[in-house]
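Participant: The following comprises the amino acid sequence and a computationally predicted model.
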Amino acid sequence: MTFPEKAPVVGVPISLTSYEGVFEAISNRPSDSATVVAVCNVHSVMSARRDPDLMVAIGGAEIATPDGVPIVWGLRSTVRREQQRVYGPELMRLAMVRSEELGWTHYIYGSTPDTIEQLEAAIAGFAPRAQIAGSESPPFREMTEAETEASLTAIRTSGADVVWVGLGMPKQELWMHEMRAALPGVAVIGVGAAFDFIAGTKKQAPEWMQKAGLEWLFRFVQEPRRLWRRYLWNNPSYLVLLGLQVLKSKLRRS
């Protein structure tokens, strides 16, 4: 299987792909290894620049989707003018709706028991034919080897084709990278806050704010104490680095 080509956005490799491209790659995934899909926004890209382990995890993913609109801007400005967004929550919604057509069964891994319960109820409402093979809310502390092996055994024995991972960034990216060898033939997709958005436990930014690249502002207003450091440092730094990358790209073409 040939996975989508990647291009650097401020030094982090991002896939030139689409929703259909991701679905095609997963449908044709190899049976002898896991297929890891990371969804990347400004926070994950800027964190990867500072964290070598996270850079390896994202760089080693078969697909790293342009989840954040500013990441899409980066690709459009340098390599692909028609690049679209591949947004984690929408990717999960579409996959559930098209489960029967794609022939996939799903496993949900992460978040809290209450959120998983509400997430499964929401999925049953908009995608009644989606097959959920199993789910687990792992402890927030570091898991023991026995607990980790029990989780992997549960995933493997469920027969799930796709494991949706909602552990938050960077924990989910590092977990997927570490566990990939133990999940051959499975697609593992880290979707961050998608569980909360689909379950309705967190509000999603209006579409106009998403298109304008202002989703971060909506989330900041919702959780200022938790997110202020992330956005007040990462976003300006990203724009400066992207500006330099775009300038270098134009100079090379001139």
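Facilitator: Happy to help now that I have it.
Participant: Going by residue numbers, what spans are strands in the stretch 101-250 of the chain?
Facilitator: 105-110, 131-136, 162-166, 187-190 (DSSP state E, counting those that start in this stretch).
Participant: now for these, which one comes closest to Pro206?
Facilitator: Among the strands of the stretch 101-250 of the chain, the nearest to Pro206 by C-beta to C-beta is strand 162-166 (22.3 Å). Glycine gets a C-beta too; all of them are placed from N, C-alpha and C.
Participant: helices or strands next to that closest one in the packing?
Facilitator: Other helices and strands packing on strand 162-166, by 3 or more C-beta pairs under 8 Å, 6 or more residues apart in numbering; DSSP states H and E, are strand 105-110, helix 171-179, strand 187-190, helix 194-199.
Participant: so where does the nearest residue to Arg76 once chain neighbours are set aside fall, helix or strand?
Facilitator: With C-beta to C-beta, 6 or more residues apart in numbering as the criterion, Arg76 has its nearest non-adjacent residue at 5.1 Å, and that residue is Gln83. Here Gln83 sits in a region with no helix or strand, counting by DSSP states H and E.
Participant: pretty sure Gln83 contacts Val72?
Facilitator: Yes: with contact defined as C-beta atoms under 8 Å, Gln83 reaches Val72; the gap is 5.6 Å.
Participant: what do these two both touch?
Facilitator: The contact sets of Gln83 and Val72 overlap at Pro66 (C-beta atoms under 8 Å, 6 or more residues apart in numbering).
Participant: Looking at this protein, which helix is longest?
Facilitator: Ranked by residue count under DSSP state H, the longest helix found in the chain is helix 224-253.
Participant: List the buried residues for that helix?
Facilitator: Residues 227, 230-231, 234-235, 238, 241-242, 245 are the ones in helix 224-253 that count as buried (16 or more other C-beta atoms under 10 Å).
Participant: Now for Asp161, how many residues are close by?
Facilitator: By the measure other C-beta atoms under 10 Å, the count of residues near Asp161 is 22.
Participant: Was I right to think it contacts Ala130?
Facilitator: No: assessed by C-beta under 8 Å, Asp161 is found out of contact with Ala130, at 11.6 Å.
Participant: rewinding a little: which one of the strands of the stretch 101-250 of the chain lies closest to Ala61?
Facilitator: Of all those, strand 187-190 comes closest under C-beta to C-beta, at 8.5 Å.
Participant: Parallel or antiparallel, which strands does that closest one pair with?
Facilitator: Using DSSP bridges, the strands paired with strand 187-190 are strand 35-40 (parallel), strand 162-166 (parallel).
Participant: Please identify the most buried of those strands.
Facilitator: strand 35-40 (a mean of 28; mean count of other C-beta atoms under 10 Å).
Participant: From the contact counts, what lies against whichever strand or helix holds Ala7?
Facilitator: In this structure, Ala7 is located in strand 6-9 according to DSSP H and E. Counting contacts by 3+ C-beta pairs under 8 Å, 6+ apart, strand 6-9 is packed against strand 12-15, helix 69-78, helix 224-253.
Participant: Kindly recompute the last result at 7 Å.
Facilitator: strand 12-15, helix 69-78 (3 or more C-beta pairs under 7 Å, 6 or more residues apart in numbering; DSSP states H and E).
Participant: which one of these lies closest to Arg252?
Facilitator: helix 69-78 (9.9 Å).
Participant: Which positions within the closest one qualify as buried?
Facilitator: Of the residues in helix 69-78, 69-75, 77-78 count as buried by neighbour count, 16+ other C-beta under 10 Å.
Participant: most tightly surrounded among the strands of the stretch 101-250 of the chain?
Facilitator: Mean neighbour count (mean count of other C-beta under 10 Å) peaks for strand 187-190 among these, with a mean of 28.
Participant: Using CSV, write out every CA atom in that strand.
Facilitator: The C-alpha trace of strand 187-190 is given here as CSV (Å, rounded to 0.1, in the frame of the first residue of the first chain):
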residue,chain,number,x,y,z
ALA,A,187,-6.0,1.2,11.7
VAL,A,188,-5.4,3.4,14.7
ILE,A,189,-6.6,7.0,14.5
GLY,A,190,-6.0,9.6,17.2
